[in-house]
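Engineer: structure for this input, please:
(2 chains)
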Amino acid sequence: DVKVTQSSRYLVKRTGEKVFLECVQDMDHENMFWYRQDPGLGLRLIYFSYDVKMKEKGDIPEGYSVSREKKERFSLILESASTNQTSMYLCASSLTGYLEQYFGPGTRLTVT
Amino acid sequence: KNQVEQSPQSLIILEGKNCTLQCNYTVSPFSNLRWYKQDTGRGPVSLTIMTFSENTKSNGRYTATLDADTKQSSLHITASQLSDSASYICVVSVGNMLTFGGGTRLMVKP
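Structural biologist: Next up is the predicted model:
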């Protein structure tokens, strides 16, 4: 079974703090994704990566950056957290393309 | 405007009953459509995936149908169980991009 893990299930940070969300997959998948999920808006793609050190902006990259130094790990960085970044963050991975995506359990981030 | 609309937003049914969730999409050209189940506090898990040429796909008590002409899909749950309580998300792919619906929150009561 594919396993995608995220570093924290719940996180509370203050406005202006730098926040790191970590995602690890154990199936040697090429592609990794970061989404945020908000009520009524569905999942929205923040960034994705199709290879080590490669990244592409998704639909809502503003206020976020990513890092992929190793194939199995994809990090989402909030340089200066703001209250409108309070959300559920979901990481996903896929072997090829963007279709067969496997999701992690999510991180519920609250910025106060 | 979201190009994948799901209805209803929420639904409460009694255990053992059947229910049908709807998904209407406007994205085009259409590659395939997937239904995910998301338990509270968990990531989404894939239930079914259908290409534009498929009309129906089953996974146990879950049956998805697709009408590519009207751009509608439905997810039918038979003999519901308490463990079916979750959000169900419709996802449409256009080429390599995925568009997610807002989900239907289903609650199954004993």
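
Engineer: for the rest of this, base every contact and every neighbour count on C-alpha atoms.
Structural biologist: Noted.

Engineer: helix or strand right after the lowest-mean-pLDDT helix or strand in chain B?
Structural biologist: Lowest by mean pLDDT, DSSP states H and E among the helices and strands of chain B is strand B:97-100, with a mean of 84. Counting by DSSP states H and E, the next helix or strand C-terminal to strand B:97-100 is strand B:104-109.

Engineer: pLDDT of that next one, averaged?
Structural biologist: The average of the pLDDT scores along strand B:104-109 is 96.

Engineer: if we can go back for a sec, wait, does the least confident helix or strand of chain B contact chain A?
Structural biologist: Yes - using C-alpha under 8 Å from any C-alpha of the partner chain, strand B:97-100 reaches chain A at B:97-98, B:100.

Engineer: show me which of those are buried.
Structural biologist: The neighbour count (16 or more other C-alpha atoms under 10 Å in any protein chain shown) marks B:98, B:100 as buried among the residues of strand B:97-100 next to chain A.

Engineer: between the residues of strand B:97-100 next to chain A, which is closest to chain A?
Structural biologist: B:Phe100 (5.6 Å; C-alpha to the nearest C-alpha).

Engineer: list the contacts for the closest residue to A:Ser49 other than its chain neighbours?
Structural biologist: Nearest residue to A:Ser49, sequence neighbours excluded (C-alpha to C-alpha, 6 or more residues apart in numbering or on different chains): A:Lys55, at 4.3 Å. Counting by C-alpha atoms under 8 Å, 6 or more residues apart in numbering or on different chains, A:Lys55 touches A:47-49, A:66-68.

Engineer: could you rerun that using 10 Å?
Structural biologist: Contacts for A:Lys55 were tallied using C-alpha atoms under 10 Å, 6 or more residues apart in numbering or on different chains; they are A:31-33, A:47-49, A:65-68, A:74.

Engineer: include secondary structure when you put those residues into CSV, please.
Structural biologist: Output for the contacts of A:Lys55, formatted as CSV (DSSP: H, G, I helix; E, B strand; the rest coil):
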residue, secondary structure
A:Asn31, strand
A:Met32, strand
A:Phe33, strand
A:Tyr47, strand
A:Phe48, strand
A:Ser49, strand
A:Ser65, strand
A:Val66, strand
A:Ser67, strand
A:Arg68, strand
A:Phe74, strand
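
Engineer: buried ones among those residues?
Structural biologist: Of the contacts of A:Lys55, these count as buried by 16+ other C-alpha under 10 Å: A:31-33, A:47-49, A:65-68, A:74.

Engineer: mind picking the two most distant members of the residues you listed?
Structural biologist: Greatest spacing in the buried ones among the contacts of A:Lys55, by C-alpha to C-alpha: A:Asn31 and A:Ser65 (16.4 Å).

Engineer: how about the residues of chain A by chain B?
Structural biologist: By C-alpha under 10 Å from any C-alpha of the partner chain, the part of chain A that sits against chain B consists of A:4, A:9-10, A:37-45, A:58, A:88-92, A:97-108.

Engineer: among the residues you listed, which are located in strands?
Structural biologist: Among the residues of chain A next to chain B, the residues falling in strands (DSSP state E) are A:4, A:10, A:37-38, A:42-45, A:88-92, A:102-103, A:107-108.

Engineer: can I get the buried part of those residues as one ChimeraX selection?
Structural biologist: With 16+ other C-alpha under 10 Å as the criterion, this ChimeraX line picks the buried residues out of those:
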select /A:4,37,42,43,44,45,88,89,90,91,92,102,103,107,108
